[in-house]
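Student: Task: produce atomic coordinates for the following.
(one chain, ligands or ions: 1)
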Amino acid sequence: MAALVLVGAQWGDEGKGKITDFASSRADMVVRSMGGNNAGHTVETGGVCYKLHLIPSGILYPEKQNILGNGMVIDPVALVGEMDYLQKQGISVDNLFISDRAHLVFAYHRELDGLSEEARGAGDIGTTKKGIGPAYMDKMERIGIRVCDMTDRDAFSALIKRNIAIKNTLLTELYGHVPVDEEALLAEVMAARERLLPHVADTSAMINTAIRAGRKVLFEGAQGTLLDIDLGTYPYVTSSYPTAGGVTIGSGVGPTAIDRVMGVAKAYTTRVGKGPFPTELHDETGQAIRDKGHEYGTTTGRPRRCGWLDGVILRYAARVNGITGLCLTRLDTLGGFDTVKVCTAYDMEGISVTDFPARLKDLAKCAPVYTELKGWTSDISHIRDFDGLPREAKEYVAFIEEMTGIPVDMVSVGAGREETILRGDIF
Ligand code: IMP
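Tutor: Numbers count the residues shown, from 1 in each chain. Okay, the predicted model is just below:
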């Protein structure tokens, strides 16, 4: 199995950081294809907790190659900050490669992200305000500035100045905001440029060469299926393609290169930001899950909305990503309840809905239809083999397999690397 895609099967924050780290230990190369530092991965290893936003989790293994793919939007200043953070902890970034075709995020993107959110008022999306949407807007408008543009310092500077002029008009005339300081922006970006240039490469060529040579390539997921600009809960989505299809475009590999797609799903559901969420729990059970699962955003610190597992979403994610195996995370967090519920369908004003609706107005009308299962003891984090799990926890997993028609290949029972139950060869 040479190329494995990890994809978030819900609204992001499925615990992909840890699973990526686990899969990274078996990979030769780890690739990110989409998004930017809106993502937040927490990886706990050797008693140290690493928070990563741009750099693939494979960086924690010195011998692995780590790639920021062409589909990403990269904030050069944030990337240098993350490299510094890792280096201070003794982690080498020598094996970090940045696609020459990736787009760059600048201060004006961050400003515009915040201002457009403010202008939306109550209808705001709840973005991370990292400038991701505005940077993808520039890319699609074909005025984006790419990593390869950094090569020629003067031409790079001219492109930035051109865009600052455009953005400052927007900032001042449309939003009545102060303009971006050209000198300050150029100074911080040029300092970052020096640090980043040695890492720039034609990463599509690197990835394809690795796959052809039979090396193991892991495409780590960011965000999640329902945050996909096409397939997610539009407009409450990110501006890229975090689904499996996005990996091929965002890394410069063909679909035939992918062998396996693992969907990562929490044993329950969470969501950051706005938009309908059928299984959301507004009661003490929701708060208990939030507290026990430390459900607060890695990037923004915002409390995550919590609810029971939604099978309609899982089946949808399986379909649109071509998921071949599931990884169920946080099974330990769901322990300690007398009963646990799984949503198997929605009741939309008397109509039974089994396929995830496109219209948010429809989704907002959907009430979950639950199957209630017996709960299990909260302390399962020491268990390493599936048969050792409490019977009720195994029944919960079996229920999910039957509901989705997808095998659960992996179960995570804690934040640590070792708190993982593997049921087959994933990679
Ligand atoms: P943006 O990606 O910052 O534009 O935010 C758009 C939506 O995606 C917001 O609801 C964010 O909270 C959500 N989002 C973006 N990245 C992540 C992530 O890594 N995990 C969870 N939600 C995310």
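Student: And the residue of the stretch 151-300 of the chain that's closest to the ligand?
Tutor: When you check the stretch 151-300 of the chain against the ligand by CB to the nearest ligand atom, the closest residue turns out to be residue 273, at 2.5 Å. Any C-beta I mention is one placed from the backbone N, CA and C, and that applies to glycine too.
Student: Help me confirm that that residue is found in a helix?
Tutor: No. Note on residue 273: no helix contains this position according to DSSP: H, G, I helix; E, B strand; the rest coil, which reports coil.
Student: so what's it up against?
Tutor: Residues counted as contacts of residue 273 (CB atoms under 8 Å, 6 or more residues apart in numbering) are 125, 126, 127, 236.
Student: for it, phi and psi?
Tutor: Taking degrees, to the nearest 10, you get phi 90, psi -170 for the backbone angles of residue 273.
Student: Ok, the one 5 residues further on next?
Tutor: The phi and psi torsions at residue 278 (degrees, to the nearest 10) take the values phi -60, psi -40.
Student: check contacts around it.
Tutor: Going by CB under 8 Å, 6+ apart, residue 278 touches 307, 310, 312, 343, 346, 363, 366, 367, 368.
Student: Reduced to three states, what does the last one come out as?
Tutor: Under three-state DSSP, the three-state class of residue 368 is strand.
Student: and it, how far is that from residue 311?
Tutor: The span separating residue 368 from residue 311 equals 9 Å under the rule CB to CB, to the nearest Å.
Student: List the buried residues in stretch 39-49.
Tutor: Of all the residues in stretch 39-49, those buried under the rule 16 or more other CB atoms under 10 Å are 39, 40, 41, 42, 43, 44, 45.
Student: Whether stretch 222-234 contacts the ligand - can you check?
Tutor: Yes. Contact check for stretch 222-234 against the ligand, using CB under 6 Å from any ligand atom: residues in range are 222, 223, 227.
Student: How about stretch 72-91?
Tutor: No. With CB under 6 Å from any ligand atom as the threshold, stretch 72-91 lies outside contact range of the ligand, at a closest distance of 9.6 Å.
Student: how about the CA coordinates for that stretch, as PDB?
Tutor: This file holds the C-alpha atoms of stretch 72-91, laid out as PDB (Å, rounded to 0.1, in the frame of the first residue of the first chain):
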ATOM      1  CA  MET A  72      -2.200  25.100   0.000                       C
ATOM      2  CA  VAL A  73      -2.200  28.800   0.900                       C
ATOM      3  CA  ILE A  74       0.800  29.500   3.000                       C
ATOM      4  CA  ASP A  75       1.300  32.400   5.300                       C
ATOM      5  CA  PRO A  76       5.100  32.800   5.100                       C
ATOM      6  CA  VAL A  77       5.400  34.600   8.400                       C
ATOM      7  CA  ALA A  78       3.300  32.000  10.200                       C
ATOM      8  CA  LEU A  79       5.300  29.200   8.600                       C
ATOM      9  CA  VAL A  80       8.600  30.700   9.800                       C
ATOM     10  CA  GLY A  81       7.000  31.000  13.200                       C
ATOM     11  CA  GLU A  82       6.100  27.400  13.200                       C
ATOM     12  CA  MET A  83       9.600  26.400  12.000                       C
ATOM     13  CA  ASP A  84      11.100  28.400  14.900                       C
ATOM     14  CA  TYR A  85       8.700  26.800  17.400                       C
ATOM     15  CA  LEU A  86       9.700  23.300  16.300                       C
ATOM     16  CA  GLN A  87      13.500  24.100  16.100                       C
ATOM     17  CA  LYS A  88      13.400  25.500  19.700                       C
ATOM     18  CA  GLN A  89      12.100  22.100  20.800                       C
ATOM     19  CA  GLY A  90      14.900  20.400  19.000                       C
ATOM     20  CA  ILE A  91      12.900  19.300  16.000                       C
END
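Student: my guess is residue 335 contacts residue 375, does it?
Tutor: Yes. With contact defined as CB atoms under 8 Å, residue 335 reaches residue 375; the gap is 7.1 Å.
Student: The two - which one has more neighbours?
Tutor: Of the pair residue 335 and residue 375, residue 335 is the one with more neighbours under other CB atoms under 10 Å, namely 22 against 18.
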